[in-house]
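Colleague: Sequence isn't available, so here's the structure alone:
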């Protein structure tokens with residue numbers, strides 16, 4: 001214990017922060033970026049800050065992991081509990097918990113089995129929401145005017161679709177170019193579907209009547225963009241009927257389940273979109289011939305029925321004989337009827353005129369004048385009563401308005417008084433808070449001054465040490481740096497003095513033979529042993 005004590009005393013001191021920083025630099029410099037395969041454990045979704053915290057584990061070990069918010073937003077595969085993944089990131093430490101962790105930059109499933117498991121889990125989730133129900137699917141238009149195609153503009157898929165449409169029934173085609181594989185492809189496909197749906201009816205760019213989302217064949221990883229939830233939801237929200245033509249006939253993606261129609265290949269999608277024009281011409285000609293034959297047969301049948309009905313009808317003279325006889329009889333009695341009608345109207349006019357005398361007219365005028373006078377009196381009384389009621393109502397409203405004004409003024413004065421009292425209280429609290437803050441700042445300044453005085457080199461000078469500078473004011477740390485006849489400035493605690501190196505004494509040098517060799521203890525004068533300075537602590541000079 002006695003022998004080990006000097007070694008412990010001479011060992012450099014580290015603060016906890018310095019030791020944690022040294023360990024952090026060691027781990028980051030030694031490993032840097034690594035790829036780790038493991039199972040996600042303890043994942044409960046992004047934190048409120050947007051960061052994700054979980055652990056990667058296998059059968060023997062576990063390592064903490066973190067995904068920052070910006071990295072999680074651009075990840076194609078999102079972390080899920082129990083998913084086996086390959087994580088790429090930087091190994092570092094977390095000083096607050098004295099543990100190491102991996103900061104993940106990218107994440108990918110570990111193999112096709114993990115992709116299939118993720119696809120099945122996502123399929124169950126979307127099916128539970130009802131996105132795959134047959135009731136949601138729309139009927140395809142029989143002959144669309146405009147067809148929108150979402151695919152890569154440089155692949156063979158778009159050429160196959162255009163060639164097949166040209167052979168069957170040429171239609172106007174709008175191509176929305178997207179990436180169909182790799183990072184950002186799912187977002188581009190979803191944006192294209194929503195972009196076609198956002199086109200206005202009758203706009204400069206026509207709105208498609210049918211959409212085709214197409215891609216050639218490939219592996220499960222190549223087709224994974226069409227299994228992303230953002231693409232599936234965009235297809236489900238489409239108001240335009242949509243055909244999914246992703247991969248070959250054996251390739252299955254989630255967009256196939258939500259699309260209104262699934263085509264085994266892009267060429268088959270073009271065949272589903274439009275009928276064959278030549279077949280339509282043949283069918284139209286056949287229907288035209290059948291229509292003409294049916295019309296001719298109907299005309300012949302109606303002509304036969306007309307002939308049969310004409311033979312059963314009587315002759316026109318027989319039908320008009322009785323009406324003609326009735327007309328002759330009425331025509332003969334018309335002059336007598338006109339004379340009798342005129343005589344009857346004349347008698348009625350004479351009887352009416354005999355009753356219209358001057359006395360009758362005066363009586364009617366007097367009666368009308370009496371009614372007018374009575375109506376005027378009633379109107380005058382009604383106007384006076386109405387005016388009286390209005391005056392009484394306005395008087396009551398005036399009293400209520402005065403009382404309301406007084407109550408409102410009193411309430412405002414009370415509110416002003418309360419606000420004034422609150423202002424005084426807040427001003428007093430602000431004054432006390434300012435005084436407390438100034439006292440704290442003053443105490444902090446005094447503490448910092450004491451700390452500065454304790455760390456100043458002048459405290460060392462006060463204990464009997466001296467600071468030696470050359471004639472340019474630079475501090476000298478060794479005798480070998482002093483030349484003959486050099487001017488020196490020696491600073492003590494109470495002032496400075498000038499000195500000159502003795503020219504008779506050669507400057508202290510180290511023999512070349514002794515460089516790199518340990519010197520015996522007996523050859524050096526005894527000197528007090530200095531304790532090694534801790535790492536990252538600067539010189540007091």
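Modeller: Great, that's in hand. Only a predicted model underlies this, so the values are computations on that prediction, with no experimental measurement involved.
Colleague: and the residue nearest the centre of the chain, what is it in contact with?
Modeller: The residue lying closest to the centre of the chain (CA atoms, centre = their mean) is residue 73, at 11.6 Å. Applying CB atoms under 8 Å, 6 or more residues apart in numbering to residue 73 gives the contacts residue 50. Quick note: C-beta positions are derived from backbone N, CA and C, even for glycine.
Colleague: at 7 Å what do you get?
Modeller: Residues in contact with residue 73 (CB atoms under 7 Å, 6 or more residues apart in numbering): none are found.
Colleague: so how far is residue 187 from it?
Modeller: 11 Å (CB to CB, to the nearest Å).
Colleague: cool, residue 298 as well?
Modeller: 62 Å.
Colleague: the more surrounded of these two?
Modeller: residue 187 (18 against 10; other CB atoms under 10 Å).
Colleague: and the residue nearest to the more buried one when sequence neighbours are not counted, what pLDDT?
Modeller: Among residues not flanking residue 187 along the chain, residue 230 sits closest, at 6.5 Å (CB to CB, 6 or more residues apart in numbering). We have a pLDDT of 92 for residue 230.
Colleague: do the same with residue 504
Modeller: Looking at residue 504, the pLDDT reads 55.
Colleague: same deal with residue 192?
Modeller: 94.
Colleague: In the helix or strand containing it, which residues have enough neighbours to count as buried?
Modeller: Here residue 192 is covered by helix 185-198, with elements defined by DSSP states H and E. Within helix 185-198, the residues scored as buried using 16 or more other CB atoms under 10 Å are 185-193, 196-197.
Colleague: for stretch 88-103, same thing?
Modeller: Buried residues in stretch 88-103 (16+ other CB under 10 Å): 89, 91-93, 100-103.
Colleague: do the same with stretch 60-73
Modeller: Residues 63, 65-67, 71-72 are the ones in stretch 60-73 that count as buried (16+ other CB under 10 Å).
Colleague: Endpoints of that stretch, how far apart?
Modeller: 31 Å (CA to CA, to the nearest Å).
Colleague: thinking again about what came up before, as CSV, the buried residues of stretch 60-73 with secondary structure, distance to residue 133 and pLDDT would be great.
Modeller: Converted to CSV, these look like this (DSSP: H, G, I helix; E, B strand; the rest coil; distance: CB to CB, whole Å; pLDDT from 0 to 100):
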residue, secondary structure, distance to residue 133, pLDDT
63, strand, 43, 88
65, strand, 38, 91
66, strand, 39, 91
67, strand, 35, 91
71, helix, 36, 87
72, helix, 32, 85
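Colleague: just curious, which of the buried residues of helix 185-198 is nearest to residue 81?
Modeller: Residue 81 lies nearest to residue 186 out of the buried residues of helix 185-198, by CB to CB, at 22.0 Å.
Colleague: Need the nearest residue in space to that closest one, chain neighbours excluded.
Modeller: Closest to residue 186 by CB to CB, 6+ apart is residue 228, at 3.8 Å.
Colleague: got it, and residue 190?
Modeller: residue 234 (3.9 Å).
Colleague: Could you look up the SS state of the one you found?
Modeller: helix (DSSP: H, G, I helix; E, B strand; the rest coil).
Colleague: which ones are touching it?
Modeller: Counting by CB under 7 Å, 6+ apart, residue 234 touches 190, 193-194.
Colleague: avg pLDDT for the longest helix along the chain?
Modeller: Determined from DSSP state H, the single longest helix within the chain is helix 358-455. Mean pLDDT, helix 358-455: 91.
Colleague: Equivalent analysis for stretch 240-250, please.
Modeller: Per-residue scores along stretch 240-250 average to 90.
Colleague: how far out from the middle of the chain is that stretch?
Modeller: 28 Å (CA atoms, centre = their mean, to the nearest Å).
Colleague: Would you mark the buried spots in that stretch?
Modeller: Here stretch 240-250 shows 240-247 as buried, counting by 16+ other CB under 10 Å.
Colleague: export those residues to TSV and tack on distance to residue 496 and secondary structure?
Modeller: Below are the buried residues of stretch 240-250 laid out as TSV (distance: CB to CB, whole Å; DSSP: H, G, I helix; E, B strand; the rest coil):
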residue	distance to residue 496	secondary structure
240	91	coil
241	95	coil
242	90	strand
243	94	strand
244	90	strand
245	92	strand
246	87	strand
247	88	coil
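Colleague: Closest to residue 497 out of the residues you listed?
Modeller: Distances from residue 497 to the buried residues of stretch 240-250, taken by CB to CB, are shortest for residue 246, at 91.4 Å.
Colleague: what about the strands in the stretch 251-400 of the chain?
Modeller: Secondary structure of the stretch 251-400 of the chain (DSSP state E, counting those that start in this stretch): strands at 261-262.
Colleague: Could you give the number of residues near the residue nearest to residue 186?
Modeller: Neighbour tally, residue 228, other CB under 10 Å: 22.
Colleague: now swap in the one 4 residues further on and tell me
Modeller: Residues near residue 232, counting by other CB under 10 Å, number 25.
Colleague: Just to check, it is in contact with residue 129?
Modeller: No - assessed by CB atoms under 7 Å, residue 232 is found out of contact with residue 129, at 10.0 Å.
Colleague: The residue nearest to the centre of the chain and residue 138: what is the separation?
Modeller: From residue 73 to residue 138 the distance is 33 Å (CB to CB).
Colleague: In terms of distance to residue 452, which of the buried residues of stretch 240-250 ranks first?
Modeller: The closest of the buried residues of stretch 240-250, once distances to residue 452 are taken by CB to CB, is residue 246, at 71.8 Å.
Colleague: Show the contacting residues for that closest one.
Modeller: Contacts of residue 246 by CB under 7 Å, 6+ apart are 213-215, 223, 226, 253, 255-256.
Colleague: how far away is it from residue 190?
Modeller: Counting by CB to CB - residue 246 and residue 190 are separated by 14 Å.
Colleague: Which pLDDT does the model give residue 34?
Modeller: 86.
Colleague: whoops, residue 7 was the one
Modeller: pLDDT, read off for residue 7, is 56.
Colleague: same deal with the one 4 residues further on?
Modeller: Note for residue 11: predicted pLDDT of 67.
Colleague: just residue 540 next, same as before
Modeller: Residue 540 is given a pLDDT of 39.
Colleague: next one: residue 83
Modeller: The model reports residue 83 with a pLDDT of 78.
Colleague: go on, residue 535?
Modeller: Model confidence at residue 535, given as pLDDT, is 40.
Colleague: go on, residue 188?
Modeller: pLDDT, residue 188: 93.
Colleague: Please apply the same query to residue 531.
Modeller: At residue 531, the pLDDT value in this model is 41.
Colleague: Adding distance to residue 58, write the buried residues of helix 185-198 out as JSON lines.
Modeller: Shown next, in JSON lines, are the buried residues of helix 185-198 (distance: CB to CB, whole Å):
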{"residue": "185", "distance to residue 58": "31"}
{"residue": "186", "distance to residue 58": "30"}
{"residue": "187", "distance to residue 58": "33"}
{"residue": "188", "distance to residue 58": "36"}
{"residue": "189", "distance to residue 58": "35"}
{"residue": "190", "distance to residue 58": "35"}
{"residue": "191", "distance to residue 58": "39"}
{"residue": "192", "distance to residue 58": "41"}
{"residue": "193", "distance to residue 58": "40"}
{"residue": "196", "distance to residue 58": "46"}
{"residue": "197", "distance to residue 58": "46"}
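Colleague: in the stretch 1-150 of the chain, which spans are helices?
Modeller: Along the stretch 1-150 of the chain, the segments classed as helices by DSSP state H, counting those that start in this stretch run 4-10, 16-31, 69-73, 112-128.
Colleague: can you put these in a markdown table and add distance to residue 261?
Modeller: A markdown table is the format used below for these (distance: least, CB to CB, whole Å):
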| stretch | distance to residue 261 |
| --- | --- |
| helix 4-10 | 81 |
| helix 16-31 | 52 |
| helix 69-73 | 34 |
| helix 112-128 | 18 |
